[in-house]
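S.K.: Fold the stuff below for me.
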Amino acid sequence: LDVLSFKLNKPINISENEIINKSLRGNVKALIEREEFREAFEISRNLNLNNTTFLRGLNWYRKGLYSDDPFDKFLAFWNSISIIATKYHTPDERTSNGSINQIWNCFETLWTNDISNWKGINNNIRWINEMNEIRNNIAHGLIPIEIEYVEDVISKLDNVRDIAYRFLTEWYEKL
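M.R.: Just a heads-up that it's a prediction; the model follows:
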C-alpha cells in the first residue's frame, strides 16, 4: 500500500480490514488496474529486500497523505524526507552534525548546491531549518496548541508535501 499510495500520490489506508481511498467520497471506490497493483507489489518486494529504509520513508509519506491531523501530516511528510536523508546522505564532517545537515546534503545531491534550482523552496536558505524547527516543536510538544500555530502549520502542508513527493520520487530514481 505504501508504494501504491506513493505512485498514485493518493491517501490509501487500511481500516477494519478494508482499504479506503479517502480522496473518494460516497460509494465511489478507487479503480486500480491489476497491472498497477502488481507493479506496486513488485517494487515493494524489491524495496523490502534491498532498501527497507526507502520503504519506511514511503510508509511515512502515505501516513501524511491519509492523516486528518495537520500536525501528524506535517510530521509524517517531514519524517519521509528525514528517514531517507539519514540513511543515504554522503558521510562527511558536516553530515556528522545531525539530520538537518544530512537533509541539506541529500537536497544538494539531487538539486545541486544552487538553492535557486530547488523548486518549492523559493530561494529560502532557511527552509530546511524552519521545517525542522516546526517538526521539533510538534514532536517534542514545545508549543501550545493554539489556532495561530495550527493555521501556520496548515499553511505549510502543501509545500512540505510537494517537496517530500519530489524528493522521494527523484531519490527513488537514484536507487
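S.K.: And stretch 132-150, what's buried?
M.R.: 132, 134, 135, 138, 149 (16 or more other CB atoms under 10 Å). Glycine gets a C-beta too; all of them are placed from N, C-alpha and C.
S.K.: so where do the helices sit in this structure?
M.R.: Secondary structure of the chain (DSSP state H): helices at 2-8, 34-50, 52-66, 70-88, 99-111, 127-139, 147-174.
S.K.: Taking their axis directions, the second one and helix 147-174 sit at what angle?
M.R.: For the pair helix 34-50 and helix 147-174, the angle between their directions (axes from the mean of the first three to the mean of the last three CA atoms, to 10 degrees) equals 90 degrees.
S.K.: change the start of the numbering to 19 and stick with it
M.R.: Okay, residue one is now 19; in that scheme the one you just asked about reads as helix 52-68.
S.K.: Who are the packing partners of helix 52-68?
M.R.: Contact here means 3 or more CB pairs under 8 Å, 6 or more residues apart in numbering; DSSP states H and E; on that basis helix 52-68 packs against helix 20-26, helix 70-84.
S.K.: Just the buried residues of that helix, please?
M.R.: Within helix 52-68, the residues that qualify as buried are 58, 61, 62, 65, counting by 16+ other CB under 10 Å.
S.K.: So which residues make contact with stretch 155-171?
M.R.: Contacts made with stretch 155-171 from outside it, assessed by CB atoms under 8 Å, 6 or more residues apart in numbering, are listed as 88, 89, 92, 93, 152, 154.
S.K.: and with 10 Å instead?
M.R.: Outside stretch 155-171, the residues that touch it by CB atoms under 10 Å, 6 or more residues apart in numbering are 87-93, 96-97, 151-152, 154, 178.
S.K.: Show me the shaky parts of the chain.
M.R.: 32-48 (pLDDT under 70).
S.K.: In a markdown table, list the buried residues of stretch 150-168 along with distance to residue 185.
M.R.: Supplementary listing: the buried residues of stretch 150-168 in a markdown table, determined by distance: CB to CB, whole Å:
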| residue | distance to residue 185 |
| --- | --- |
| 150 | 14 |
| 152 | 17 |
| 153 | 15 |
| 156 | 20 |
| 167 | 25 |
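S.K.: Closest one of these to residue 78?
M.R.: Residue 78 has its nearest neighbour among the buried residues of stretch 150-168 in residue 153, at 11.8 Å by CB to CB.
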